[in-house]
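Enquirer: Sequence first, predicted model second:
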Amino acid sequence: MSARVVALVPDLIDRSKVEAAAKAAGVELEMVTGAAGLGRAAGEADLVIVDLGRPGVLDALGSLAQVRTVGFGSHVERDLLRAATAAGCSQVMARSAFFGRLGDLFSRLSQAEGAQAGAAAPSADISSSEVIGSENIKKS
């Protein structure tokens, strides 16, 4: 079974990058169109990806506590990035960092899923220490 990712990424260019990375890594991807669909879709997800600049996302983060959530936004919107961390987002990154690491994130997620399916395979650690987290957001 492949890893399952739910994403709220409405921007067409960003969406195409997420879709291409998911396809390359063999990750099952479900795109939702709004924050209201996140909770429903995330029930069986291994990872949720959210564009933090979209309406309702910060409010929806509280209902996603059971699943690892990666949010991205503009590096100049430090208050938004901090608010996402406070609202329960597992990892928060600047947009450029997120897309720079997206392929690796999906590859590791896929490898971890494969390791769980086959007990002899080594486990891939996709912990928050590998991704820019809230601790790396400079305080102004």
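Expert: Here it is on my side, so go on. Remember, predicted model here, so these are calculated numbers, not experimental data.

Enquirer: count of residues packed around E28?
Expert: Residue neighbour count, defined by other Cβ atoms under 10 Å, stands at 15 for E28. In short, each C-beta sits where N, CA and C put it, glycine included.

Enquirer: ok, it touching S2?
Expert: Yes - using Cβ atoms under 8 Å, E28 is in contact with S2, at 4.9 Å.

Enquirer: Could you tell me how far stretch 101-114 lies from the centre of the chain?
Expert: 11 Å (Cα atoms, centre = their mean, to the nearest Å).

Enquirer: So for that stretch, mean pLDDT?
Expert: The pLDDT scores in stretch 101-114 average 86.

Enquirer: What residues of that stretch count as buried?
Expert: 101-102, 105-114 (16 or more other Cβ atoms under 10 Å).

Enquirer: Using CSV, write out every CA atom in it.
Expert: Output in CSV follows, covering the C-alpha atoms of stretch 101-114 (Å, rounded to 0.1, in the frame of the first residue of the first chain):
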residue,chain,number,x,y,z
ARG,A,101,12.5,19.6,-0.2
LEU,A,102,9.2,18.3,-1.5
GLY,A,103,10.6,15.4,-3.5
ASP,A,104,12.7,14.2,-0.6
LEU,A,105,9.8,14.5,1.8
PHE,A,106,7.6,12.3,-0.5
SER,A,107,10.4,9.8,-1.1
ARG,A,108,11.0,9.4,2.6
LEU,A,109,7.3,9.1,3.3
SER,A,110,7.1,6.4,0.5
GLN,A,111,10.1,4.5,1.9
ALA,A,112,8.7,4.6,5.4
GLU,A,113,5.4,3.2,4.2
GLY,A,114,7.3,0.4,2.4
